[in-house]
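S.K.: Dropping a prediction and its sequence here:
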Amino acid sequence: MAVERASERLVELLTRDGAVQEQWVAAVAASLGGRISRAELERELSDLYQALLQALDKGGLDWQDEAYSEVRALLVELSRSRARHGFTPTETAVSVFAGKDVLEPTADSTAEDTAAYLQLARLFDALGLFTIEAYARTREEIISAQAEQLLELSTPVVKLWEGVVAVPLVGTLDSARTQVVMEKLLQSLVDSESEHAIIDITGVPAVDTEVAQHLLKTVVAARLMGAECTISGIRPQIAQTLVALGVQFGDIVTKATLADALRHVLQHSGAALPSGGDR
Amino acid sequence: MTGPRVVEDEQSVPIGSNDDVVRARQTVRTYAQQCGLSLVDQTKLVTAASELARNTLVYGGGGLMRCAAVRSGARVGVHAVFEDSGPGIADLDLALTDGWTSGGGLGLGLSGARRLVDEFELRSEPGSGTKVSVTKWAR
Amino acid sequence: MSDRVPVLKIGQVLLVSIQVDLEDQIVLDLQDDLAERIVATGANGVVIDITALEIVDSFVGRMLANTAAISRMLDAETVVVGMRPAVAITLVELGLSLGGVRTALTLEKGLALLERDRTARTGRP
């Protein structure tokens, strides 16, 4: 009952002179310093303002209520757009919190208005947090999309010769990246019907046990598919680390350079040579 | 990001014959595809399910598989539970050792399945059946 | 179910192409059928095409290894062809190395492998 009264009163306060929305926009515009167009801001906030009025009108102050679904949707949209345009979490949340300041009680506010305002403040605080959460989610999505793009960029599988593919690995290998590269390599064996793969790690500064395990598993998986892998470009420090870690490459062929590896593969597979083979 | 686990859309497959093992595989595959697991992760999960469903049939004398989608924060995954009321397992550590088998298998069923999933839980007592729960998250 | 996987004979080679997700009994039947057909036909090679298989678990893996061992005892070489990358990765993780099973990327390469073998064994093409 008190909630109903409060939300009724809040609708009155929000609509009393038509200036609330304008002040809200002005406050946000000032804090964002013109990095977003006034027209866009007005559109965003007027949608939000209308949705908020409607939600309050339905008599609730619970932001998780069905009545607030439109408000929440608009806030998600707003935080997504802020995150994409590189605004900070504070700059995003201010769009919500500024609305609270506009209605701040003055010395001549009645006790009832102050009570209603406190309810509104609580509501806005919750909505502000919700906005930041949506913002963080969007940032996470952006970051993981970028990581994926980077992965794509940094792991080319190239065809070196008829029946020979190579993957030159550059940069630090973590477990996730190694796994992706290895899956790509194995798929390229199928796609190009290549029976030989060369994994060149010249550009890799360090290899830990886990990455070494992934390399070994890839070689075994390739054998299960009917292809052979050669590893080339193992730096002296990496060889030392691997030995210290107790990693053994067993019967896997390793060569100093990519060129040596290619020569080895071509010599040992007459079938891969277009001509001049001994078969 | 973690959060409370939400289990959605559960489906049960009784396991009482070789055909049911095939059905369990297919059910798990459908879930894995719907939850957006990568092809390799799908293959790993379905293979694990195949091993566990066969264990349920062969060692547990039949039972039930329940499969569901799980959500935890932003993560999505597939959860499968294999339950039987067979003789149970006396020594869990031994049962999870590579190469150990009480039947005629290769002894890779339980230990191998554990390596193929992200979360693995085995509960069993002699005489009161066996319950294996596995989860695989989409990367 | 009395379905059986068809075993085809091409020259000296038996060819099996597994097209569907097999239940365990059919897998066992296939192992028996192959042993019998090797003896009945005097084949010296077996090619098992698993291109269509979406998973190979320890049961099917064991059948492949057993078939390779049995056929070798009956003087025939077995080659498994067409294993998918995801299947290979999963088998490695499962701990199954399929020791003694020879593999090739494609059916064509598998047949060529058997041919080379035969040449090497008999010393003539």
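M.R.: Here it is on my side, so go on. Residues are numbered from 1 along each chain as shown, chains lettered A, B, ... in the order given.
S.K.: can you give me the helices for the chain?
M.R.: Since no chain was named, I'll use chain A. All helices of chain A, identified by DSSP state H, fall at A:2-15, A:20-32, A:38-57, A:69-84, A:89-102, A:111-154, A:175-192, A:209-225, A:236-245, A:258-267.
S.K.: I was after chain C.
M.R.: Applying DSSP H to chain C gives helices spanning C:24-41, C:58-73, C:85-94, C:107-122.
S.K.: will you turn those into TSV that also has mean neighbour count and mean pLDDT?
M.R.: (Each C-beta comes from the backbone N, C-alpha and C, glycine too.) Formatted as TSV, those follow (neighbours: other C-beta atoms under 10 Å in any protein chain shown; pLDDT from 0 to 100):
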stretch	mean neighbour count	mean pLDDT
helix C:24-41	17	94
helix C:58-73	19	93
helix C:85-94	25	94
helix C:107-122	15	89
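S.K.: Could you list the contact residues of chain C toward chain B?
M.R.: C:1, C:21-25, C:54-59, C:61-62, C:84-87, C:89-90, C:93-96 (C-beta under 8 Å from any C-beta of the partner chain).
S.K.: For the residue nearest to A:His214 when sequence neighbours are not counted, list the residues it contacts.
M.R.: The shortest distance from A:His214 to any residue other than its chain neighbours is 4.2 Å, reached at A:Thr178 (C-beta to C-beta, 6 or more residues apart in numbering or on different chains). If a contact means C-beta atoms under 8 Å, 6 or more residues apart in numbering or on different chains, then A:Thr178 has A:Val211, A:His214, A:Leu215 as its contacts.
S.K.: who's the most centrally placed residue in chain C bridged to?
M.R.: Within chain C, the residue whose C-alpha comes closest to the C-alpha centroid is C:Ile48; the distance, by C-alpha atoms, centre = their mean, is 3.2 Å. Taking DSSP bridges as the rule, C:Ile48 bridges to C:Val16, C:Val80.
S.K.: which parts of the stretch 151-279 of chain A sit against chain B?
M.R.: Counting by C-beta under 8 Å from any C-beta, the residues of the stretch 151-279 of chain A close to chain B are A:Ala176, A:Glu183.
S.K.: C:Asp57 versus the closest residue to chain B within the stretch 151-279 of chain A, what's the distance?
M.R.: Distances from the stretch 151-279 of chain A to chain B, computed as C-beta to the nearest C-beta, single out A:Glu183 as the nearest residue at 5.7 Å. Using C-beta to C-beta, to the nearest Å, one obtains 20 Å as the distance from A:Glu183 to C:Asp57.
S.K.: now the stretch 51-200 of chain A, which segments are flagged as low pLDDT?
M.R.: Applying pLDDT under 70 to the stretch 51-200 of chain A flags residues A:59, A:151-154.
S.K.: swap the cut-off to 90 and go again
M.R.: Scanning the stretch 51-200 of chain A for pLDDT under 90 picks out A:51-72, A:78-124, A:137-157, A:169-182.
S.K.: how's chain A carved up into domains?
M.R.: Here the domain assignment for chain A is A:2-148, A:158-272, based on automatic domain parsing.
S.K.: hmm, the longest one touching chain B?
M.R.: Same thing as domain A:2-148. Yes: if you take C-beta under 8 Å from any C-beta as the test, domain A:2-148 does meet chain B, through A:Arg137, A:Glu140.
S.K.: Off-centre distance for that domain?
M.R.: Averaging C-alpha positions (C-alpha atoms, centre = their mean, to the nearest Å) puts domain A:2-148 26 Å from its chain's average.
S.K.: just the last one next, same as before
M.R.: Computed by C-alpha atoms, centre = their mean, the separation of domain A:158-272 from the middle of its chain amounts to 29 Å.
S.K.: For chain B, which helix extends over the most residues?
M.R.: Taking DSSP H as the assignment, the helix of chain B that covers the most residues is helix B:39-58.
S.K.: Can you list the neighbours in contact with whatever helix or strand comes next after that helix?
M.R.: The first helix or strand that comes after helix B:39-58 along the chain, using DSSP states H and E, is strand B:63-72. Contacts to strand B:63-72, defined as C-beta under 8 Å, 6+ apart, come from residues B:2-15, B:24, B:27-28, B:31, B:34-35, B:49, B:52-53, B:56-57, B:76-86, B:129, B:135.
S.K.: and if you look at stretch A:239-255?
M.R.: Under C-beta under 8 Å, 6+ apart, the answer for stretch A:239-255 is A:206-209, A:212-213, A:216, A:219, A:228-232, A:234, A:261, A:264.
S.K.: What's the ChimeraX line that selects buried ones from those?
M.R.: In ChimeraX, this line selects whichever of those come out buried by 16 or more other C-beta atoms under 10 Å in any protein chain shown:
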select /A:207,212,216,219,228,229,230,231,232,234,261,264
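S.K.: Who are the contact partners of the closest residue to A:Gln119 other than its chain neighbours?
M.R.: Nearest non-adjacent residue to A:Gln119, counting by C-beta to C-beta, 6+ apart: A:Ala6, 4.6 Å away. Remark: with contacts taken as C-beta under 8 Å, 6+ apart, A:Ala6 is in contact with A:Leu61, A:Ala115, A:Ala116, A:Gln119, A:Leu120.
S.K.: what sits against A:Thr15?
M.R.: Here A:Thr15 is in contact with A:Leu53 (C-beta under 8 Å, 6+ apart).
S.K.: ok, residue 18 - how many residues close by?
M.R.: Since you didn't name a chain, this refers to chain A. By the measure other C-beta atoms under 10 Å in any protein chain shown, the count of residues near A:Gly18 is 8.
S.K.: meant chain C, my bad for not saying
M.R.: Neighbours of C:Ile18 using other C-beta under 10 Å come to 19.
S.K.: In this structure it contacts C:Ile48, no?
M.R.: Yes: counting by C-beta atoms under 8 Å, C:Ile48 is a contact partner of C:Ile18 at 7.0 Å.
S.K.: which of the contacts of strand B:63-72 come close to chain C?
M.R.: Okay, of these, nothing touches chain C (C-beta under 8 Å from any C-beta).
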